[in-house]
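Novice: Below is the structure, and that's it, no one-letter string:
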């Protein structure tokens with residue numbers, strides 16, 4: 001009898017535990033803000049969480065008199081087990097990992113601008129060539145990170161993956177306690193999945209000699225999604241235009257849950273708020289490069305130069321094409337993702353003039369047909385308006401939020417006067 005009662009109690013408690021997740025992950029503060037100030041379109045999307053699969057994490061930042069940040073995070077419809085393809089979001093951890101590995105190679109005299117050459121040692125590897133956009137005429141880590149952050153360049157990501165190697169990525173993420181993140185594939189690579197386990201020989205060199213040689217890496221690990229065989233879509237097209245009438249498996253694709261991505265952003269801009277083992281072991285000047293490129297408008301970029309509008313790759317706040325307020329001095333330090341109908345942005349937003357700083361990470365699924373690779377997505381009509389309004393709602397609330405000690409980061413602002 002006691003066993004039966006105990007079993008019923010466990011079943012009842014597990015039922016109770018399963019039911020309130022949606023409400024528990026919908027901050028009362030955010031819920032009130034959205035209901036009272038959101039537009040009709042914004043509310044229509046919020047009313048369809050199963051269709052749009054949006055997830056939001058918003059972090060308020062307060063500081064003490066010494067400037068040390070204290071963070072309070074609000075979650076809305078967060079579900080780390082709900083798979084979404086992260087696309088270019090993985091360029092933030094890849095940049096962090098690359099700069100940490102570069103720091104580890106400091107004794108070899110290697111800097112972010114040191115020329116790099118990728119050789120080939122396997123049937124599916126490609127040698128690198130020269131890069132006329134760089135001052136030296138050769139590729140380098142600085143150029144790769146800049147291109148990834150300013151215009152989300154995919155070839156640069158592929159080279160950073162090869163520089164890091166499969167095992168280094170996996171081991172370092174695990175050591176930093178990002179247990180669910182998986183960065184296990186290149187982008188747009190025409191070879192089979194085995195190619196990700198084998199990465200190129202790499203040379204750093206100067207005008208006279210090779211400074212460091214990294215032999216080809218052959219991965220010892222074989223990682224899959226931490227939640228097993230995960231799927232997206234009800235149907236999908238392959239690269240040859242063939243339609244498959246069932247969901248696509250993403251077990252062997254990259255995975256980056258937004259809570260771990262959000263923590264990575266905080267670890268870069270607000271490291272004092274985290275324990276030491278969650279911080280990156282990166283030289284301060286290298287971290288400043290990444291910060292600068294994440295907040296750079298394309299028109300400010302040199303080597304290479306770009307002519308994209310300010311809202312390009314800035315989905316939160318201005319992704320729908322609206323301009324920034326004239327009364328502001330805003331920088332959006334961010335990384336975005338866009339693929340298969342998934343639209344995502346992870347940003348540290350700062351207004352130096354008006355004492356505003358906050359972090360927000362959000363993802364939305366803009367694929368009404370739920371068909372992957374159809375190129376019929378609702379980025380312009382649903383995703384970008386939603387993310388831009390989300391950023392606007394939070395920014396205007398932050399403008400009115402009283403803080404005991406004002407935000408000031410002249411060093412961060414000075415990155416753009418150099």
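Specialist: Received, thanks. Worth saying up front: this structure is predicted, and the values here are computed from it rather than measured.
Novice: Residue nearest the middle of the chain, spatially speaking?
Specialist: In the chain, the residue lying closest to the centroid (C-alpha atoms, centre = their mean) is residue 89, at 3.1 Å.
Novice: Double-check that it belongs to a helix.
Specialist: Yes. Assignment of residue 89 by DSSP: H, G, I helix; E, B strand; the rest coil places it within a helix.
Novice: Would you agree it is in contact with residue 336?
Specialist: Yes. Using C-beta atoms under 8 Å, residue 89 is in contact with residue 336, at 7.2 Å. Every residue, glycine included, has its C-beta placed from N, CA and C.
Novice: joint contacts of the two?
Specialist: Taking C-beta atoms under 8 Å, 6 or more residues apart in numbering as the criterion, residue 89 and residue 336 both touch 344, 346.
Novice: For residue 121, give its distance to residue 201.
Specialist: With distances taken as C-beta to C-beta, to the nearest Å, residue 121 is found 5 Å from residue 201.
Novice: Show me which of the two is the more surrounded one.
Specialist: Higher neighbour count among residue 121 and residue 201: residue 201, with 18 against 13, using other C-beta atoms under 10 Å.
Novice: In this structure that one contacts residue 218, no?
Specialist: No. If you go by C-beta under 8 Å, residue 201 and residue 218 don't touch, sitting 11.6 Å apart.
Novice: can you list the weak-confidence ranges in the stretch 1-150 of the chain?
Specialist: Scanning the stretch 1-150 of the chain for pLDDT under 70 picks out 1-24.
Novice: Which secondary structure state does the nearest residue to residue 161 once chain neighbours are set aside sit in?
Specialist: In this structure, residue 161 finds its nearest non-sequential neighbour in residue 186, 5.4 Å apart by C-beta to C-beta, 6 or more residues apart in numbering. Classification of residue 186 using three-state DSSP returns coil.
Novice: What's the local residue count around residue 186?
Specialist: Neighbour tally, residue 186, other C-beta under 10 Å: 21.
Novice: residue contacts, it?
Specialist: Taking C-beta under 8 Å, 6+ apart, we find residue 186 in contact with 157, 158, 161, 162, 195, 196.
Novice: The third one in helix, strand or coil?
Specialist: By that I understand residue 161. Recorded secondary structure, residue 161: helix (three-state DSSP).
Novice: From residue 237, how far out is it?
Specialist: From residue 161 over to residue 237 (counting by C-beta to C-beta), the distance is 25 Å.
Novice: between those two, which one's more packed in?
Specialist: Neighbour comparison, residue 161 and residue 237: the larger count goes to residue 161, with 24 against 16 (by other C-beta under 10 Å).
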